Structure formats: C-alpha cells, structure tokens
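Asks: Structure for the following, please:
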Amino acid sequence: MKKRNKWIISSALLVVIILTITIVNVKRPKEELGFEYAKNLYQQEIINSPQNVLQSINLTDGITINDPLYNGDVVVLDYNTSASFNVTLEEAGVYNLLLNLYVRGNGLNDNNYSLVINDVLVSEKVNVYTSWQNEFEPYETDLNGNDIMPMQVKVEAYEKQFAQDFLNKLSKPLALHFESGLNTILITMTTGNIFIAGGEVVSIKPTISYEQYLNNHSSSNVDASMQIYEAEYPYTKNDNSIEHRVSKDVNVTPYQTKELKLNTIVLSKADFTQSLTYQIEAPETGYYALAVNYYNSIANKATFFRFAINGEVPFGELYHYPLFANKKFSVHRLGESFGDEPFKIYLEKGLNLFSITTDATVFSPITDGLSQISEAISSIYLQLRTLSVQEGDTSREWTPEEDFPGIVDLLKSYSLELKNYYDLAQKYNGSNLVNQGSSYIQSAYQTLLSLLKKPQYLPNNNATLAEGSGSISQNISAASLYFTNSEVSFDKVILASLHDKTIYEEKSSWFSFWEGVKRFFGSFAPTLTYTDEDALEIWVSRPTMYVDLMQDLADSTFTKNTGIKVNFVRLADEGKIILSSAAGSSPDAVLGLSNWLPYELGIRHLTYDLRKFSDYNKTIKQFSPGALIPLVADDIGLGLPETQDFYVTFYRHDLINAAGISVPNTWDEVINLLPSLQRKGMNYYVPLSSSVASKSIMTTAPFIQQMGGELFKYNDDYSISTSIDSPQGIDAVKLMTNLYLLYGVPLQVNNFFDSFRNGSLPIGVSTLETYLKLQYAAPELTGKWDIALAPGMEDEDGQINRYYAGSATSMIMMNKAKDINQTWELMKWWSSAEIQTEFSNNLRKMYGSEYIYNSANLNAFMNSTLPENHKQIILAQWEDLKEYPRVPGWYMLERELSNTWNNVVLGGENVRTSLDAAIITMNKEIRRKMLEFGYLSQTGEVLKIYKFANLEDIKGWQQQA
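Replies: Next up is the predicted model:
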C-alpha cells in the first residue's frame with residue numbers, strides 16, 4: 001500500500017512539473033530577431049572624400065630624438081607638451097589622420113591627445129592604444145593544476161593608428177576637414193607619453209556592401225579542413241583589462257573536471273573599443289566561413305562588434321554585427337545574424353589577421369540622448385529644489401505657470417523623448433523581448449508621467465527626479481551605462497569551409513550532468529600548498545585573486561632570491577586571528593589587516609615588536625609619518641602601513657563656476673560659500689554627514705587636530721585622560737555642530753557619489769572610493785570634475801592645518817612567528833617600493849585599470865598610474881596625514897564624540913554640557929582599560945607609564961635612518 005501511495009504521489013508531482021513547464025513555455029513570448037537596422041547602418045555613415053590621397057605630414061615645431069627602436073628621429077610628446085605639423089593638400093574635403101605611434105613606459109597609463117586643425121579644436125581627447133600579448137602560452141599551472149593568469153606584456157613596436165572617437169561612438173576614424181593648400185595640425189598630449197614617427201593625411205576608404213565585395217573577388221570556395229584557434233590566446237589585444245575567465249561549460253575547451261582552466265576571454269567595454277586580434281592561416285586563396293564559439297550573458301541583449309581582416313572591415317555589414325544573448329556557449333558563423341547562410345570571407349593564402357572589436361555605434365544615439373535628458377532633469381531638479389528649500393512647506397500647492405514657468409512643458413517633452421528612446425532601443429536591439437536597459441527607460445518614463453499628473457506638487461516631489469537609486473535621473477543613467485557595457489565571452493575562433501554545416505559537436509546533457517556530479521565531489525579535495533614545515537604561512541585579508549597574484553610574485557622573486565618559501569592563505573574573517581592564537585595555530589604574519597586591529601592585537605601581546613629590528617627606522621621612512629601613529633604604542637612597533645586612503649575636495653567645476661564660487665581652502669571659506677550654493681538648491685558635503693547614527697572618529701578627530709588640539713594628554717601623575725575639553729577641542733566640536741545648526745549642511749547623505757552626479761552636492765570632502773566611482777562609473781561627468789586639497793584651519797602663523805586620517809590596511813608579525821628574521825624579510829620585501837609598484841602594475845595588467853592598489857609606500861604611489869596632477873594633490877594632502885593615537889579605551893572617545901554631536905545637533909543640548917558628560921565617560925573607560933592591562937593599580941596609582949605615539953617621535957625615528 002505504501003509503495004502504491006509513493007508511486008501515485010511521484011506520478012502526480014511529475015504531471016505538475018510537466019504542466020508547469022508547458023504553461024511557462026506557452027506564456028513566454030516567442031523570441032523574434034531581426035537586425036535590419038544594424039545590417040544597413042553603415043549606409044548612413046558613408047562619407048564622400050577625395051580619393052587616392054596619402055600625404056605625409058611635416059613637423060614644424062616640436063622636440064625630436066633619435067630612437068633606436070624606430071631607427072630614426074621621432075617626435076617626443078610628454079604630458080602637456082605639443083607638436084605642430086603642416087600638410088599641403090590639393091583638394092579641400094574630409095580625410096583621416098593616420099599617425100605612427102609608440103607608447104612609452106609600461107603602457108599602463110592612459111595616453112590621450114587633443115587635436116587642433118587650422119586653429120579649430122576638432123577633438124579634446126583621442127586615445128592612443130597599447131597592444132598587449134600574453135607573457136607565456138600555453139598558460140603555466142600552479143601546484144593544483146589550475147591555470148595561472150599570465151602577465152600582459154606591452155608590444156614593443158610602433159603602430160599606425162587613426163585618430164578616432166574616444167568613446168567608440170563612431171565606427172570609423174574621425175572625419176577631419178582640411179582646406180586646399182597648407183593646413184596646420186597641433187597635437188597636445190593631455191595624458192601620458194608617446195613618440196610620433198610621422199603620419200599621413202589619407203582618403204576615407206569607401207564602404208562597400210557584401211554584394212559588391214563578392215563582385216570584387218572572383219574566387220572559389222575553399223574546401224579545406226577546419227582550423228580551430230583558442231580565443232583565450234589572441235595574437236594581440238588593445239586593452240590589458242580584457243579578462244580571461246574560467247568556464248565550466250563542457251562545450252568550452254580546454255576543459256578539465258576539477259582544475260580551473262582560463263579557457264575564455266571576455267569583451268566587456270563597448271565604449272572603450274576593446275579589440276582582439278588573431279593570426280589565422282588560410283591554406284589556399286579563396287572564400288571561407290569564419291565562426292566564433294561565444295556566450296553573451298546579458299539577457300535579451302544584442303552586443304555589436306566590428307570584424308576586420310588584416311586591419312580593414314571588408315564590407316559594410318560587418319561594421320555593426322550583432323551577437324545576441326544565448327543561454328550557453330554556441331558556435332556562430334558570421335552572417336547567420338542576417339540570414340541562414342554564412343558570409344563568404346575572402347582570404348589570401350598564408351597568415352591573415354582577424355580582429356574582433358566592440359562597437360558602441362548602434363546604441364550611441366540612445367546613450368547620447370539619455371545623457372542629455374539626465375543632465376537637463378538634474379538641472380530642473382536643482383531649480384525645483386531651490387523653491388522647496390526656500391519655502392520649506394512640503395504640502396504647498398504651487399502654480400506652475402508662475403512659480404516655475406516652462407518646466408512642465410520641458411518635462412512633457414522629455415517624457416516623449418524617453419518613449420521614443422524606448423522604441424528605438426527595441427528596434428536597434430533587434431528583438432521583441434525587453435531587456436534591462438529598456439526596462440530602465442520604461443521605468444523613468446512611467447515615473448515622469450506619474451509626476452506630471454500633479455504638476456502643482458512638482459517642487460514637493462522633486463526628489464523623485466534625481467535623488468536615490470529609483471529616481472528618474474538614476475534610471476536614465478543606468479540605462480545609458482547598460483547600453484555601453486557588454487559581457488561576451490569567446491572560446492574559439494574557427495576557420496572552416498563554407499559547406500561545413502556542423503562546425504562543432506556539442507556534448508550531451510548527460511555528459512554535462514555527470515561532469516557536475518564529479519565537480520561536486522571533487523570540491524572536497526584538499527588544496528595543495530608548500531609542504532615544507534619551514535615555509536612561512538602568511539594570512540592575507542584580501543580577495544582570492546589578490547592572494548594568487550601575491551603568491552606568484554613571491555614565488556618568482558622573494559623565494560627565488562632568498563630561498564625562503566612562503567604560503568599565502570586567504571583570510572576570510574579577521575576574527576580568526578585571535579582564535580588561532582588561542583589555539584596555538586597562528587600564522588607568521590598577516591597582511592591586508594584593518595587599520596584598527598594591529599593595536600587591539602598588540603596590546604594583548606599577540607604581535608611582535610618590529611622596533612626590535614635594527615633597520616626598522618629605515619623601513620618606516622617609506623611611509624607618511626602620520627600613517628604610523630596607530631601602528632606604534634608604548635614604544636612598540638605594532639605593524640607597517642600597507643595601503644592608504646585620502647581625503648580631498650571633490651568638485652564639479654561646471655556647477656561651482658556657474659554658482660560663482662571658488663574651491664575653499666579653509667572651513668571659514670566653506671561657511672562663506674554655503675549661501676551661494678544653497679540659493680541654487682545645492683550644498684556642501686562634509687564626511688560627518690555619511691551617517692547620522694554613529695560618527696566615525698576618522699570624521700570627527702580631524703576637526704580637533706586642525707584646531708591645534710590633541711585627543712589625549714598626560715596628567716600630573718602620568719596617567720592618561722582625554723584632552724578634548726581644551727579650548728581647541730571645544731572650538732572644534734562647536735564647528736562640527738554649527739556646520740549643521742547654523743550653516744545648513746545636509747544632516748545625512750546616503751551616497752555622496754549619487755548627490756555629486758545629480759548636482760545637489762557639487763563639492764565636498766571624500767575618499768578614494770568616490771574617486772574610483774567618478775573615474776569608472778560616471779562617464780557623463782568626464783571632464784566636469786576635479787580634486788583639490790581638503791579644507792583646514794588657518795593658524796596664527798597663516799599656516800593651514802589640513803590634518804585628516806588616511807590609514808587603510810596594514811601588516812603585522814605575529815608574536816609566535818616561527819622565524820622572526822625570515823618573516824621580517826618578507827614584510828620588508830612586500831612593503832618595498834619596487835614590489836608594491838610591481839604588484840600594483842600586475843594587478844592592472846591582469847584585471848584592468850579599475851583595479852587601483854593605493855600603496856602606502858610613497859614612492860610606489862608616485863609610480864602609480866593615476867593622473868599626474870591628481871597624484872601631486874594627493875601627495876600634498878598626505879603631508880598633513882595625521883592619524884589619532886591609540887590608548888586603552890580609545891574607542892570610547894569615538895563613541896562619545898559621536899554622541900556629543902547627536903546630542904547637540906539632534907537633541908538641542910549645549911556643547912559644553914554634553915561634552916562635560918562625555919569626558920567623564922571617556923576618562924572612566926580609559927582608566928578601566930588601563931587597570932585591565934596593568935598600567936594602573938586598583939587605587940589608581942600609575943604602575944607603568946603608557947606612552948602613546950606622537951608625530952614628532954615618528955618623524956625623529958625616520959630622520960635617524
């Protein structure tokens with residue numbers, strides 16, 4: 001009976017599952033693809049140009065040197081330097097500019113120039129690309145058989161590059177107008193360093209159709225065996241951030257069940273002109289089919305590419321070729337997006353170059369239009385915000401025609417434009433299915449329509465326009481970013497005969513299932529490391545990719561040169577350090593540690609005193625003295641700085657110039673500019689505003705230190721108490737509360753980056769996190785923002801004290817390290833300028849320009865790839881880097897300063913009253929912890945003087961080196 005019931009239940013479940021799948025499939029819209037727009041887009045881009053012109057340009061003004069690589073004289077262009085050329089043409093018209101270029105240095109820095117022709121600026125930013133190759137092929141493997149990502153090596157050669165649109169919005173090089181007769185060309189280096197070995201003004205080559213292409217090549221189809229090229233091994237690529245990935249898709253090669261193979265390569269930046277080039281060999285001259293095994297992971301989205309043979313796109317239909325989203329890797333023959341048959345690709349016998357390049361042209365009318373709407377809506381938001389701020393009545397009913405004339409009509413026009421861009425996005429994408437980008441546009445459109453239903457309340461609801469992740473402006477920006485990004489992985493490039501219908505046999509579903517089972521059980525196998533008991537064990541509180549790179553670097557340099565073996569192990573939870581010490585299984589050292597932990601571990605005698613090493617003073621000379629303050633306590637060296645943050649002023653010069661204000665140097669200047677900002681619905685960002693509930697000491701202590709105050713002091717009996725009740729401390733607390741009570745800076749800012757983008761906070765003090773977001777996640781702000789020194793307090797001598805914190809991560813040696821001398825050698829090696837620079841460069845070479853490792857080593861930071869003007873500002877700000885000293889119970893200072901701010905600003909208390917109560921609590925906790933750690937007796941007598949770190953002592957140690 002039980003068996004029968006089980007059979008009935010199982011059968012019923014099976015029927016339910018089948019019905020569910022059937023219903024879902026019936027209800028799911030049938031995918032319909034049609035790419036006629038992309039196929040014919042090249043016809044709209046045809047430009048008439050005088051033909052058969054190739055005229056060399058002549059240098060008229062510039063610095064030249066003899067370069068052995070070129071074997072001749074070349075023009076030298078460094079940052080902010082220029083070179084002038086002229087060229088004589090018989091006929092006026094539009095041409096291309098082709099330059100023979102060499103990127104100097106390691107190639108990691110951006111290299112851009114501005115272009116002026118006949119005194120007219122034709123482009124503010126032209127990018128010079130660097131070609132890269134894998135350092136070794138095939139990939140090397142680690143102890144576990146996993147592929148090691150190879151270093152990317154710059155191709156040391158001159159390359160001819162057309163001047164073309166920086167953001168890849170044009171599929172062809174810039175069409176530049178020249179007059180008949182003598183023309184002048186001015187090239188100014190805006191970023192980077194290059195050599196120019198001549199150049200030419202050339203005719204724009206006509207674009208032909210596929211039909212014309214076939215007529216131009218009277219050849220036959222080649223019947224030859226298939227050739228498969230692994231896509232992860234390109235001959236060259238133009239961006240070192242192009243990512244190599246592991247895929248466990250069984251149809252991807254090389255494939256291993258357990259081992260991790262870097263078997264795919266990913267193009268992810270349509271707006272950066274990412275390009276891969278492969279050498280393919282044609283056995284005979286004639287027509288071939290070209291195919292790629294690819295995976296487009298972005299649902300319902302077409303990603304467009306340009307395909308070129310030997311540096312030229314052979315016909316128009318390959319300028320904007322779509323590879324639509326697919327659910328898994330699949331082989332696609334070029335031409336099948338436009339029909340059933342593949343394109344016939346003509347190849348000469350021998351080696352040919354086949355290039356795949358991302359194309360942002362198709363969606364650029366949408367992204368450009370959306371950016372303009374977003375900027376306009378942000379401007380309207382500020383206008384309406386000004387009204388609502390001035391009135392302060394959130395329930396008022398406004399009269400649009402009188403209070404904000406024209407704005408309703410503008411918003412209506414933008415709603416129509418959004419509807420149009422939604423339709424265009426669907427058309428250009430070539431699918432009836434809605435993707436995420438179109439959904440963002442639709443959401444912005446619907447929200448705007450909802451607002452326009454009650455225009456009399458627009459100022460009251462202005463936050464919907466541009467505040468927060470669900471605002472209209474943010475949805476528009478998200479749509480724009482969506483259409484400029486891509487995520488297409490390539491596994492193979494295939495050269496085949498046109499009659500080959502089945503190019504690649506896919507593995508069965510059963511094979512895929514069984515491989516998944518084997519991988520599951522294989523995941524329980526142990527990871528192999530050095531088995532030598534004498535190998536140093538170093539825990540690293542960083543992502544796995546960082547740890548792997550550190551291991552490779554140590555194996556190839558440190559272990560090779562010293563014979564000391566090292567195992568780097570990823571530390572997922574910093575709390576494990578104390579537990580491991582209690583269990584007697586602690587590592588030799590820990591890297592990437594949060595800046596507050598070395599003190600907490602050191603005060604409990606878990607770290608080794610680095611000051612015992614004779615070359616400690618020499619080692620710390622590499623760092624900002626203020627960064628060492630939390631890493632020294634009681635004259636003990638607790639650790640070394642590893643990475644460093646910074647606080648600088650970020651400002652939108654387009655908005656602050658319009659407001660008629662200058663970047664402030666002092667807090668008095670900040671206060672003076674606030675009325676000008678606030679009248680326009682804008683404000684100033686103070687790091688204190690990042691949270692209402694709890695104020696970090698990194699945001700409160702700088703006010704006290706800038707005022708000339710200190711956080712702690714020695715009493716007459718050499719016990720320690722807080723000193724924030726000094727005149728300077730009281731003035732500092734008054735300033736940090738009056739900024740809110742009297743001067744109206746915003747109480748809470750959920751995300752300064754978002755407010756900076758929408759213009760409500762066009763200026764403020766922030767950190768590296770904001771810097772990276774502005775560099776890589778806000779393309780619409782390119783050229784509209786900059787950084788400056790953070791504001792401080794002017795002292796009696798006219799000196800501006802700009803003291804700010806800046807510690808990020810640090811490294812420590814554990815007290816039970818098996819070999820303190822070997823561990824110290826490892827720490828010195830890792831903290832050196834040479835290795836920090838190499839690690840930073842390798843990180844960018846392997847994973848892209850977004851991966852910035854902000855080393856605390858000042859020389860390594862100077863070698864970083866940040867723009868030179870920004871590096872100088874950050875280095876100048878670091879001259880005033882001043883962390884706060886640590887004493888037992890220091891955390892109570894952080895808590896009570898935060899409570900004081902809340903009590904005064906939110907609770908309406910008097911500064912002095914609140915501060916007096918806070919000081920009692922602080923001193924009580926300091927005394928309790930001093931007693932716990934044996935510095936005080938039960939009666940309060942000083943048993944041992946605790947010496948907290950100060951800037952002067954550390955500077956003295958550095959000078960002794």
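
Asks: Tell me, how many residues neighbour Asp916?
Replies: Asp916 has 12 neighbours, counted by other C-beta atoms under 10 Å. Just so you know, the C-beta spots here come from the backbone N, C-alpha and C atoms, and that holds for glycine as well.

Asks: Let me see the contact set for it.
Replies: Applying C-beta atoms under 8 Å, 6 or more residues apart in numbering to Asp916 gives the contacts Asp725.

Asks: Tell me the confidence at it?
Replies: Asp916 carries a pLDDT value of 95.

Asks: which SSE is it in?
Replies: helix 911-932 (DSSP states H and E).

Asks: pull the CA atoms of that helix into CSV?
Replies: In CSV, the C-alpha atoms belonging to helix 911-932 read as follows (Å, rounded to 0.1, in the frame of the first residue of the first chain):
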residue,chain,number,x,y,z
VAL,A,911,28.0,71.9,23.6
ARG,A,912,29.8,72.3,26.9
THR,A,913,27.2,70.4,28.9
SER,A,914,27.2,67.5,26.5
LEU,A,915,31.0,67.5,26.3
ASP,A,916,31.4,67.5,30.1
ALA,A,917,29.3,64.4,30.4
ALA,A,918,31.1,62.7,27.5
ILE,A,919,34.5,63.4,29.0
ILE,A,920,33.6,61.8,32.3
THR,A,921,32.5,58.6,30.4
MET,A,922,35.7,58.6,28.3
ASN,A,923,38.1,59.0,31.2
LYS,A,924,36.3,56.4,33.2
GLU,A,925,36.7,53.8,30.3
ILE,A,926,40.3,54.8,29.8
ARG,A,927,41.0,54.3,33.5
ARG,A,928,39.2,50.9,33.4
LYS,A,929,41.2,49.6,30.5
MET,A,930,44.5,50.9,31.9
LEU,A,931,43.7,48.9,35.0
GLU,A,932,42.9,45.8,32.9
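
Asks: my read: Val202 touches Asn52, true?
Replies: No. Assessed by C-beta atoms under 8 Å, Val202 is found out of contact with Asn52, at 9.6 Å.

Asks: more crowded one of these two?
Replies: Val202 (17 against 6).

Asks: Quick check: the gap between the residue nearest to Ala231 when sequence neighbours are not counted and Tyr278.
Replies: Counting by C-beta to C-beta, 6 or more residues apart in numbering, Ala231 lies nearest to Phe490, which is 3.8 Å off, once chain neighbours are set aside. Distance of Phe490 to Tyr278, computed by C-beta to C-beta, to the nearest Å: 10 Å.

Asks: Overlap of the contact sets of these two?
Replies: Ala231.

Asks: Next up, the contacts around the closest residue to Arg652 other than its chain neighbours.
Replies: Take Arg652 and drop its neighbours on the chain: the residue closest to it by C-beta to C-beta, 6+ apart is Pro762, 3.9 Å away. Contacts here follow C-beta under 8 Å, 6+ apart; on that basis Pro762 touches 651-652, 655-656, 659, 677, 682, 756.

Asks: More neighbours: which of Phe490 and Tyr278?
Replies: Between Phe490 and Tyr278, counted using other C-beta under 10 Å, Phe490 has the larger neighbour count: 23 against 19.

Asks: List the buried residues in the helix or strand in which that one is found.
Replies: In the assignment (DSSP H and E), Phe490 maps to strand 485-496. Buried residues in strand 485-496, counted by 16 or more other C-beta atoms under 10 Å: 485-496.

Asks: Who are the contact partners of the residue lying closest to Ala224 once chain neighbours are set aside?
Replies: Once flanking residues are discounted, Ala224 sits nearest to Pro283: 4.8 Å by C-beta to C-beta, 6+ apart. Shown in contact with Pro283 (C-beta under 8 Å, 6+ apart): 222, 224, 349.

Asks: if you set the cut-off to 10 Å instead, what comes out?
Replies: Shown in contact with Pro283 (C-beta atoms under 10 Å, 6 or more residues apart in numbering): 222-225, 227, 347, 349-350, 495.

Asks: and the two most separated of the residues you listed?
Replies: Based on C-beta to C-beta, the longest span within those runs between Asp223 and Gly350 and measures 17.8 Å.

Asks: Tell me where the stretch 101-250 of the chain has strands.
Replies: Under the criterion DSSP state E, counting those that start in this stretch, strands of the stretch 101-250 of the chain are mapped to 112-117, 120-127, 132-134, 152-154, 159-162, 176-178, 181-191, 194-202, 227-230, 236-237, 243-246.

Asks: let me fix that: the stretch 601-750 of the chain
Replies: 632-633, 636-637, 640-644, 648-652, 684-685, 712-714, 720-722.

Asks: Let's have these in TSV, adding distance to Ser766, mean neighbour count and mean pLDDT.
Replies: What follows is the strands of the stretch 601-750 of the chain, written out as TSV (distance: least, C-beta to C-beta, whole Å; neighbours: other C-beta atoms under 10 Å; pLDDT from 0 to 100):
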stretch	distance to Ser766	mean neighbour count	mean pLDDT
strand 632-633	28	24	96
strand 636-637	31	22	96
strand 640-644	15	26	98
strand 648-652	5	23	98
strand 684-685	7	24	98
strand 712-714	28	17	96
strand 720-722	28	23	97
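
Asks: Can you add distance to Leu931 and give those back as JSON lines?
Replies: Shown next, in JSON lines, are the strands of the stretch 601-750 of the chain (distance: least, C-beta to C-beta, whole Å):
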{"stretch": "strand 632-633", "distance to Leu931": "17"}
{"stretch": "strand 636-637", "distance to Leu931": "20"}
{"stretch": "strand 640-644", "distance to Leu931": "30"}
{"stretch": "strand 648-652", "distance to Leu931": "41"}
{"stretch": "strand 684-685", "distance to Leu931": "41"}
{"stretch": "strand 712-714", "distance to Leu931": "17"}
{"stretch": "strand 720-722", "distance to Leu931": "12"}
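
Asks: Those: which one's closest to Thr767?
Replies: strand 648-652 (8.1 Å).

Asks: Off-centre distance for the closest one?
Replies: 18 Å (C-alpha atoms, centre = their mean, to the nearest Å).

Asks: Now do stretch 419-432: distance to the chain's middle.
Replies: Per C-alpha atoms, centre = their mean, the displacement of stretch 419-432 from the mean C-alpha position of its chain is 29 Å.

Asks: Domain map for the protein?
Replies: For the chain, the structural domains run 47-202, 207-499, 536-645+807-878, going by automatic domain parsing.

Asks: Quick one: mean pLDDT for the longest one?
Replies: When you say that, I think you mean domain 207-499. 91.

Asks: Same question for the first one.
Replies: Domain 47-202 comes out with an average pLDDT of 93.

Asks: what's Thr700 in contact with, if anything?
Replies: Counting by C-beta under 10 Å, 6+ apart, Thr700 touches 687-688, 711, 724, 732-733, 736, 884, 893-894, 897-898, 900-901.

Asks: measure it to Arg652 for me?
Replies: In this view, Thr700 and Arg652 are 27 Å apart by C-beta to C-beta.

Asks: Ok, Ile309 next?
Replies: Ile309 sits 45 Å away from Arg652, going by C-beta to C-beta.

Asks: Tell me the secondary structure at the most centrally placed residue in the chain.
Replies: Closest to where the C-alpha atoms of the chain average out (C-alpha atoms, centre = their mean) is Glu850, at 3.2 Å. Under DSSP: H, G, I helix; E, B strand; the rest coil, the three-state class of Glu850 is coil.

Asks: So what does the nearest residue to it once chain neighbours are set aside look like in phi/psi?
Replies: Nearest-residue entry for Glu850: Tyr776, 5.0 Å, with adjacent residues in sequence omitted and distances by C-beta to C-beta, 6+ apart. Taking degrees, to the nearest 10, you get phi -120, psi -10 for the backbone angles of Tyr776.

Asks: And the pLDDT at Tyr776?
Replies: 84.

Asks: ok, it - contacts?
Replies: Neighbours of Tyr776 in contact, by C-beta under 10 Å, 6+ apart: 848-850, 852.
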